[in-house]
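> Sequence below, structure please.
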Amino acid sequence: MKKFALLLIVILAISMSVTAADKPIRVEMKMGIPNLLGGSVEYMLPDLGIPAINNALAPYIDVSVFNLALDETVSFGFSYFGLGAKYYFDQLVTDLGLPSMADGTYAALGFGRMGFTFTDDAWLGDYDSSIGTWIEGSAEGSIGVSMLQFSIGKRWMLGPLTGTLELGKTFGSMDDTFEVEVNYNNGTSETDVEDTSDIPLGVGGLAALTIGFAF
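Coordinates of the predicted model:
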């Protein structure tokens, strides 16, 4: 047991001495707005022979998916997918002789897509006078929001542990239509389409905290 603990200490000490560029893959849990709660993967590109982006450019992907039961028959679903790239200023910090605490700062540009769905397994349609009751069925509606995102952030690395704090702005546009598809128990179906094209472009905030591992 003592040997195992000593081995873990040695591995941690070695990993803490390795620079961020030597840990190009970062797998993290991400919490914030607009992604809410999900996962994030980032990869620091290797030396590409271009001084301006050598060990500075890191593409990333964010994913969030979950469902919430609002009651016995109604549920709400949320999905988020984001992709983009971060530009780290570490080399600029070194060239300008700035404090080392500025290492890990970055600017990011990305695209995000939020999706919202709801389902109701006890949807009531029109009243059927021939059988003297309401027609029941299930309904599912969905709509999405596309966003352009700008942010700045700071990454900290402590051995294999890594985390970021990020703030920025989003510019979003909702889908032109909101559709609800209903399937009734009598075999009929219908689709209700609401026009949402007149909803203007929205500006919102971006804030996120990530915690994970780098290797």
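> Angles on the backbone of residue 24, please.
When read as degrees, to the nearest 10, the backbone of residue 24 gives phi -80, psi -20.
> er, residue 97 actually
Per degrees, to the nearest 10, the backbone of residue 97 is at phi 70, psi 30.
> same thing with residue 70?
Torsion angles, degrees, to the nearest 10, at residue 70: phi -80, psi -30.
> Quick one, grab the pLDDT at the residue lying closest to it once chain neighbours are set aside.
Leaving aside its chain neighbours, residue 70 sits nearest to residue 76 (5.7 Å; criterion: Cβ to Cβ, 6 or more residues apart in numbering). Every residue, glycine included, has its C-beta placed from N, CA and C. Residue 76 is assigned a predicted lDDT (pLDDT) of 93.
> name the element residue 76 belongs to?
Taking DSSP states H and E as the definition, residue 76 sits inside strand 74-88.
> From the chain's centroid, how far away is that strand?
Strand 74-88 sits 3 Å away from the centroid of its parent chain (Cα atoms, centre = their mean, to the nearest Å).
> what pairs with the residue lying closest to residue 153 once chain neighbours are set aside across the strands?
Among residues not flanking residue 153 along the chain, residue 166 sits closest, at 3.5 Å (Cβ to Cβ, 6+ apart). With DSSP bridges as the criterion, residue 166 is bridged to residue 153, residue 208.
> Next: residue 39.
Where residue 39 sits in a bridge, its partners, by DSSP bridges, are residue 29, residue 63.
> my guess is it contacts residue 31, does it?
No. Applying Cβ atoms under 8 Å as the test, residue 39 and residue 31 come out as separate, 10.6 Å apart.
> rewinding a little: C-terminal to the strand holding residue 76, what's the next element?
The helix or strand immediately downstream of strand 74-88 is helix 90-95, counting by DSSP H and E.
> mind listing what the residue nearest to residue 153 touches?
32, 108, 151, 152, 153, 154, 206, 207, 208, 209, 210 (Cβ atoms under 8 Å, 6 or more residues apart in numbering).
> ok, and the most crowded of those?
residue 210 (24 neighbours; other Cβ atoms under 10 Å).
> Helices along this structure, start to end?
Secondary structure of the chain (DSSP state H): helices located at 2-16, 90-95.
> Show the residue spans covered by the strands in this protein.
25-33, 36-43, 57-69, 74-88, 105-128, 133-158, 161-174, 177-184, 189-195, 202-214 (DSSP state E).
> and those strands as JSON lines, adding distance to residue 97?
Output for the strands of the chain, formatted as JSON lines (distance: least, Cβ to Cβ, whole Å):
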{"stretch": "strand 25-33", "distance to residue 97": "27"}
{"stretch": "strand 36-43", "distance to residue 97": "27"}
{"stretch": "strand 57-69", "distance to residue 97": "23"}
{"stretch": "strand 74-88", "distance to residue 97": "17"}
{"stretch": "strand 105-128", "distance to residue 97": "15"}
{"stretch": "strand 133-158", "distance to residue 97": "19"}
{"stretch": "strand 161-174", "distance to residue 97": "24"}
{"stretch": "strand 177-184", "distance to residue 97": "54"}
{"stretch": "strand 189-195", "distance to residue 97": "57"}
{"stretch": "strand 202-214", "distance to residue 97": "26"}
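> Alright, I will stop here.
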